[in-house]
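sequence and predicted model, in that order:
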Amino acid sequence: MTLDDFILSTEFILFQDEKLRRHACQAVEQFNNNYEPVDKSQLHSIPSAIQASGLTALKKLAENQKQKNTNIKNKKFWEFIYELIFKIPEPEFSMRKCIRNELEQLHLLLDERSADGNVEVKRIRKENKAKIEKTINHALPIYFEHFNCHYFYRTG
């Protein structure tokens with residue numbers, strides 16, 4: 001199976017509805033256990049950024065919000081969102097790690113240990129990163145639908 005075949009498959013839909021939903025809910029719980037809740041208005045900009053330009057727009061939004069926010073709880077929220085999606089190496093709780101694990105399990109990522117030399121390792125890392133980001137981009141709207149719904153549920 002290729003990455004494109006996976007993204008178009010019912011297996012990918014199930015992955016988004018089951019594993020990513022559980023993961024998004026766990027991420028919300030982790031945030032709520034470690035930080036003060038933010039106003040729900042902070043979450044409203046996420047779906048429209050994703051719809052506009054996917055991963056690129058969300059990264060720009062998170063970076064802008066981290067830099068400009070003077071409200072410490074909002075700043076912490078956007079730092080959390082950034083780590084959840086963009087930080088490398090990825091934290092255990094991140095969406096990036098969840099996607100990486102799924103792609104590794106399906107043998108869709110190349111094994112760095114099979115590389116001959118640093119040039120080959122860098123090529124494999126770059127190719128794997130592109131595959132992970134392509135998958136994230138396809139899963140992002142559903143992930144944040146789950147994330148936002150659970151956040152709204154948990155914060156009343």
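Sure thing, it's come through.

setting the sequence-adjacent residues aside, check what's closest to residue 102.
Leaving out its chain neighbours, the residue that sits closest to residue 102 by Cβ to Cβ, 6 or more residues apart in numbering is residue 15, at 6.0 Å. C-beta here means a position set from N, CA and C on the backbone, and glycine is covered the same way.

identify the residues contacting the strand or helix carrying that neighbour?
For residue 15, the host element (DSSP states H and E) is helix 10-15. With contacts defined as Cβ atoms under 8 Å, 6 or more residues apart in numbering, helix 10-15 is touched by 6, 102, 138, 139.

what does stretch 143-156 give?
Residues outside stretch 143-156 that contact it (Cβ under 8 Å, 6+ apart): 16, 20-21, 23-25, 27-29, 31-32, 37, 40, 43, 46-47, 50, 95.

what about that stretch, average pLDDT?
For stretch 143-156, the mean pLDDT works out to 95.

please enumerate the helices of this structure.
Listed in chain order, the helices of the chain (DSSP state H) span 3-7, 10-15, 21-34, 41-68, 72-85, 95-105, 118-155.

quick one: closest of those helices to residue 111.
With Cβ to Cβ, the closest approach to residue 111 among those belongs to helix 118-155: 7.6 Å.

what residues sit buried inside that closest one?
When burial is assessed from 16 or more other Cβ atoms under 10 Å, helix 118-155 yields the following buried residues: 124, 128, 131-140, 142-148, 150-151.
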